[in-house]
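In: after the sequence you'll find the predicted model.
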Amino acid sequence: MSHEKAMTPHEFEQALRAKGAYYHIHHPYHIAMHNGQATREQIQGWVANRFYYQTSIPLKDAAIMANCPDPATRRKWVQRILDHDGQGDGEGGIEAWLRLGEAVGLSRELLLSERLVLPGVRFAVDAYVNFARRACWQEAACSSLTELFAPQIHQSRLDSWPQHYPWIEAEGYGYFRSRLSQANRDVEHGLALALEFCDTVEKQQRMLQILQFKLDILWSLLDAMTMAYTLHRPPYHCVTDQPVWHHQRFL
Ligand SMILES: O=C(O)c1cc(C(=O)O)c2c(n1)C(=O)C(=O)c1cc(C(=O)O)[nH]c1-2
C-alpha cells in the first residue's frame with residue numbers, strides 16, 4: 001500500500017486530461033495531413049488502415065459489455081455499438097467510414113478486404129481488443145478516454161481537409177461530423193466511471209498507465225503508416241514490392 005494520498009476527483013481528471021499532450025494529433029503524419037502536405041497515397045493509406053480500427057471498436061465494446069455485470073452500464077454502453085453498426089434504417093459509423101473511403105478514391109471492396117491494413121496497425125488495434133477482453137470492465141471502459149481529445153481532432157479535419165484536398169468528395173466528411181457529439185457523450189460516461197472507480201492512488205496511477213497504453217496504440221498506428229507511406233518502407237520492402245503480409249483477422 002502506498003502512503004501517497006489519492007488525488008481528488010478534480011485533480012485526477014486534470015491528470016487524465018494532461019495526457020492529451022501525447023495524443024496522435026501531435027504525430028508528424030497527422031500534422032502533415034492537417035497542413036495539406038499529405039499525398040493522395042498517404043490519405044488513402046490512413047483511411048484504409050484506420051478502417052481496421054473502426055471495425056474493431058464494436059468488438060472491443062462488446063468485450064467490455066461481456067465482462068460487465070451492471071445492467072445500467074450496459075444499457076448506456078450498448079449505444080457505442082449501435083453508433084458504429086447503425087440501428088434500424090440509420091447507417092452507422094462503419095458505413096460512414098466506407099463512404100469516406102469512396103470519397104478518397106478507395107472502393108468498399110478494397111477497404112473490406114483489409115488488404116491495405118499494415119501488420120503494425122493490425123497488431124496495435126488487436127492489442128486494444130485483447131486488453132478489453134482481459135481487463136476488468138472498469139479499466140477497459142476507461143481505456144476509451146482518449147476520446148477526451150477526439151472531438152478536437154475530428155473538428156480539425158473538418159476545418160482543414162476541404163481546403164487542402166479539393167479532390168476529396170464532400171460526402172466523405174459525414175463520419176467526422178457525427179463523432180463530434182457522439183464522442184462528447186461517450187466521454188461524459190467514461191469520465192464519470194473513471195472518477196468513481198479510481199479512488200486510491202494505486203488505481204489512479206494504473207489508470208493513467210492504461211490511458212498511456214491506449215495513446216501508444218494510436219501513435220503506433222501512425223508510426224506504421226509513416227514507414228509505409230512516408231518513408232516508403234512497407235513490410236518486406238527490401239524483398240518484394242508486393243503486399244504479401246497477412247490480411248486476415250486472427251483475433
Ligand atoms: O479519428 C480519431 O482520431 C479517433 C480517435 C479515437 C480515439 O481517441 O480512440 C476514436 C475515434 N477517432 C473514433 O472515431 C471512435 O469511434 C472511437 C472509439 C474509441 C474508443 O476507444 O472506444 N476511440 C475512438
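Out: Perfect, thanks for sending it.

In: from now on I want contacts and neighbour counts done on CA atoms only, so please keep to that.
Out: Fine.

In: near the ligand, which residues of the stretch 1-150 of the chain?
Out: Taking Cα under 6 Å from any ligand atom as the measure of proximity, the stretch 1-150 of the chain contacts the ligand at Ile57, Ser144, Thr146, Glu147, Ala150.

In: so which of those is the closest to Trp245?
Out: When those are compared for distance to Trp245 (Cα to Cα), Ile57 wins out at 22.6 Å.

In: may I have the secondary structure class of Val239?
Out: coil (DSSP: H, G, I helix; E, B strand; the rest coil).

In: so how far is Arg233 from it?
Out: 11 Å (Cα to Cα, to the nearest Å).

In: between those two, which one's more packed in?
Out: Arg233 (15 against 7; other Cα atoms under 10 Å).

In: my read is the more buried one is in a helix, agree?
Out: No. Arg233 is assigned coil when assessed by three-state DSSP, not a helix.

In: okay, helices next: where are they in the stretch 1-150 of the chain?
Out: For the stretch 1-150 of the chain, the helices defined by DSSP state H, counting those that start in this stretch cover 9-18, 28-35, 40-66, 71-85, 93-103, 108-113, 119-134, 137-142, 150-164.

In: just checking, Tyr175 touches Leu98?
Out: No. Using Cα atoms under 8 Å, Tyr175 is not in contact with Leu98; the gap is 9.4 Å.

In: so for the two, which sits in the more crowded spot?
Out: Of the pair Tyr175 and Leu98, Leu98 is the one with more neighbours under other Cα under 10 Å, namely 23 against 20.

In: quick check: that one touching Arg108?
Out: Yes. Between Leu98 and Arg108 there is a contact under Cα under 8 Å: 5.8 Å.

In: take the helices of the stretch 1-150 of the chain and lay them out in a markdown table including mean pLDDT.
Out: Compiled in a markdown table, the helices of the stretch 1-150 of the chain are given as follows (pLDDT from 0 to 100):
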| stretch | mean pLDDT |
| --- | --- |
| helix 9-18 | 98 |
| helix 28-35 | 98 |
| helix 40-66 | 98 |
| helix 71-85 | 97 |
| helix 93-103 | 98 |
| helix 108-113 | 98 |
| helix 119-134 | 98 |
| helix 137-142 | 98 |
| helix 150-164 | 97 |
